[in-house]
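Q: I would like the atomic coordinates for the input below:
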Amino acid sequence: MERRGDDVWKRMSDIVRPGLVRLHVEAFVNLDGGGPSNSMGSGFVVDAESGIILTNRHVAMRGPSSVVIEWGSSREEVLGPVSAYASTRS
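A: Residues are numbered from 1 along each chain as shown. Here you go, the predicted structure:
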């Protein structure tokens, strides 16, 4: 028998899961220093209409990149070249 909390967790994950993505990034030039590099990580869709995906800074890297986005296990898209935007706090 499932506990109530388990049911809430499952419903919430069913709502959130479609917006989660896996990112494979290949930086042509890493503006933080060094040459071309690769990274991988996760992210989530902030604004699907504008194409905004939020991920960690170490995944995105600074500089022009090619990005492969995995949407669950059903779909993959290749984007590129793209540039990362990093905000700074004062």
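
Q: only C-alpha atoms for contact and neighbour calcs from this point on.
A: Noted.

Q: what about the residue nearest to Arg22 when sequence neighbours are not counted, neighbour count?
A: Sequence neighbours aside, Ser42 is the residue nearest to Arg22 in space, at 4.4 Å (criterion: C-alpha to C-alpha, 6 or more residues apart in numbering). Around Ser42 there are 16 other residues, counting by other C-alpha atoms under 10 Å.

Q: ditto for Val21
A: As a measure of burial, Val21 has 21 neighbours, counting by other C-alpha under 10 Å.

Q: centre of the chain to the helix or strand containing it, how far?
A: Under the criterion of DSSP states H and E, Val21 resides in strand 20-27. The chain centroid and the centroid of strand 20-27 are separated by 6 Å under C-alpha atoms, centre = their mean, to the nearest Å.

Q: quick one: average pLDDT of that strand?
A: Average pLDDT, strand 20-27: 88.

Q: excluding sequence neighbours, find me the nearest residue to Thr55.
A: Across the structure, with C-alpha to C-alpha, 6+ apart as the measure, the residue nearest Thr55 apart from its sequence neighbours is Gly43 (4.3 Å).

Q: ditto for Gly51
A: Here the nearest residue to Gly51 in space, its sequence neighbours aside, is Val45; by C-alpha to C-alpha, 6+ apart that works out to 7.6 Å.

Q: the one you found against Ile52, yeah?
A: Yes. Here Val45 reaches Ile52: they are 6.1 Å apart, a contact under C-alpha atoms under 8 Å.

Q: those two - which one has more neighbours?
A: Summary of the neighbour comparison: Val45 and Ile52, criterion other C-alpha under 10 Å, with Val45 having more neighbours (17 against 11).

Q: verify the stated contact: Glu77 with Val68.
A: Yes. Glu77 lies in contact with Val68 (C-alpha under 8 Å); the separation is 5.7 Å.
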